[in-house]
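K.L.:
Sharing a model that was predicted from the sequence below.
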Amino acid sequence: MFHLKTQKVMMLKFDLQNATHYGLGIYAHILRKYYPNETVLHLVGRDCGFCRNPFANGEPNLHIWIEKSNPDDSTSDECAQHHDTSGTIPDGDAFTFAEQHYHLTGDALLEKIAEELNIHTNDNLHKFEITNVDRSVNEDSSLPQFSFFRAPITTTKPYKTISLFEAYLYIIGKPAQSTPLNFVP
């Protein structure tokens, strides 16, 4: 069992990260608030180099780059990260940086970022009127159900019945990115 609210936050964060080029758009948006007439980020390869840090009197000590969550896995998620060489703010990702600017956390932070950047996430997945979702297939579930087929495409017998939410988890998860035959909800 897991809570839909927690999953909603994870999906919103995932949606925001994807819509902002791994989170670089979040950094750029916030930095432009402090330095409106400047080029705030300059991406070369996967590195923005050192940028002005609004939390350290504008000193160029904020290093921003894009990295994989697991460097050994070519399909792992990627995320923009930062390191403040002055130690004024904690190291982290774009959301950690946004927390410093907005003084918000959790849902409130994610909703503020989405609002300011005018990012519309797929709210249809969040409108189910339930509080818990069982990851095992539940025939009495209020979620829409459909058949899931294993590869190859010529398979005519469904492997199992899954909900739309479970399909979403499958699509964004590691099994779909690596081996679709190993799907276990």
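P.N.:
That came through fine. Residues are numbered from 1 along each chain as shown.
K.L.:
So for stretch 25-45, mean pLDDT?
P.N.:
Across stretch 25-45, the average pLDDT comes to 95.
K.L.:
Can you tell me what sits against that stretch?
P.N.:
Here stretch 25-45 makes contact (Cβ atoms under 8 Å, 6 or more residues apart in numbering) with 16, 19-20, 24, 48-49, 51-52, 54, 58, 64, 66, 80, 82, 94-95, 97-98, 101, 113, 116-117. C-beta here means a position set from N, CA and C on the backbone, and glycine is covered the same way.
K.L.:
Just those residues: which are in helices?
P.N.:
L16, A19, L24, A94, F95, F97, A98, H101, I113, E116 (DSSP state H).
K.L.:
For stretch 66-81, list the C-alpha coordinates in CSV.
P.N.:
Written as CSV, here are the backbone C-alpha positions of stretch 66-81 (Å, rounded to 0.1, in the frame of the first residue of the first chain):
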residue,chain,number,x,y,z
ILE,A,66,23.1,17.9,-14.9
GLU,A,67,23.9,14.5,-13.6
LYS,A,68,22.4,11.0,-13.7
SER,A,69,21.0,9.6,-10.4
ASN,A,70,23.0,6.4,-11.2
PRO,A,71,26.1,7.1,-13.4
ASP,A,72,26.5,3.4,-14.1
ASP,A,73,23.0,3.1,-15.6
SER,A,74,22.5,4.8,-19.0
THR,A,75,18.7,4.8,-18.4
SER,A,76,18.7,6.4,-15.0
ASP,A,77,16.9,9.6,-14.3
GLU,A,78,18.8,12.9,-14.8
CYS,A,79,18.5,16.0,-12.6
ALA,A,80,20.1,19.4,-12.4
GLN,A,81,22.2,19.8,-9.2
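K.L.:
Which other helices and strands does the lengthiest strand in the chain contact?
P.N.:
As assigned by DSSP state E, the longest strand anywhere in the chain is strand 59-68. Under the contact definition 3 or more Cβ pairs under 8 Å, 6 or more residues apart in numbering; DSSP states H and E, strand 59-68 sits against helix 24-34, strand 47-53, strand 78-84.
K.L.:
Mean neighbour count added to these, as JSON lines?
P.N.:
Converted to JSON lines, the helices and strands packed on strand 59-68 look like this (neighbours: other Cβ atoms under 10 Å):
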{"stretch": "helix 24-34", "mean neighbour count": "19"}
{"stretch": "strand 47-53", "mean neighbour count": "17"}
{"stretch": "strand 78-84", "mean neighbour count": "19"}
